[in-house]
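>>> Need the 3D shape of this:
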Amino acid sequence: MIDREKVIKALECCLRNDHKKCPYYSADILDTTCYTRLHTDAITLLKEQEAKHGEWIDIWREDDPDTSSHARCSVCNMVSARPVGAYCKWCGAKMDSEGR
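Numbering: from 1, shown residues only. Model prediction:
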């Protein structure tokens with residue numbers, strides 16, 4: 001399984017041109033090998049996320065009974081504060097309930 005946070009951190013390092021902090025960086029290998037590993041993992045991660053569809057499930061808080069201030073992803077069960085987006089920030093699932 002691809003480590004999503006590792007891929008994100010590596011892409012952020014590339015954007016900052018701070019390659020030595022990249023989790024794929026190794027002084028023992030060529031930079032091109034580092035980029036190849038990152039690109040392969042990023043593409044794999046995106047392909048895995050394409051197939052995920054879910055929905056936000058309201059979570060009612062006792063201290064805020066009139067509104068739903070949090071929601072749980074039906075795919076990965078992680079909780080996000082409202083407002084939530086069209087995609088889960090944890091697993092990348094598209095929140096359209098397609099195929100359910």
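
>>> Can you spell out the domain ranges of this protein, please?
Listed domain ranges for the chain are 4-50, 53-83 (source: automatic domain parsing).

>>> Now do the first one: distance to the chain's middle.
Relative to its parent chain, domain 4-50 has a centroid offset of 14 Å by CA atoms, centre = their mean, to the nearest Å.

>>> The closest residue to Cys88 other than its chain neighbours bridge partners, please.
The shortest distance from Cys88 to any residue other than its chain neighbours is 4.3 Å, reached at Cys73 (CB to CB, 6 or more residues apart in numbering). (Each C-beta comes from the backbone N, C-alpha and C, glycine too.) Beta-bridge pairing of Cys73 under DSSP bridges involves Trp56.

>>> Number of residues surrounding Cys73?
23 (other CB atoms under 10 Å).

>>> wait, what's in contact with it?
Residues near Cys73 by CB atoms under 8 Å, 6 or more residues apart in numbering: Gly54, Trp56, Ile57, Val79, Ser80, Cys88, Trp90, Cys91, Ala93, Met95.

>>> coming back round to it: can I get the domains of the chain in TSV with mean pLDDT?
Listed next are the domains of the chain as TSV, based on pLDDT from 0 to 100:
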stretch	mean pLDDT
domain 4-50	75
domain 53-83	82
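
>>> Cool, thanks, signing off.
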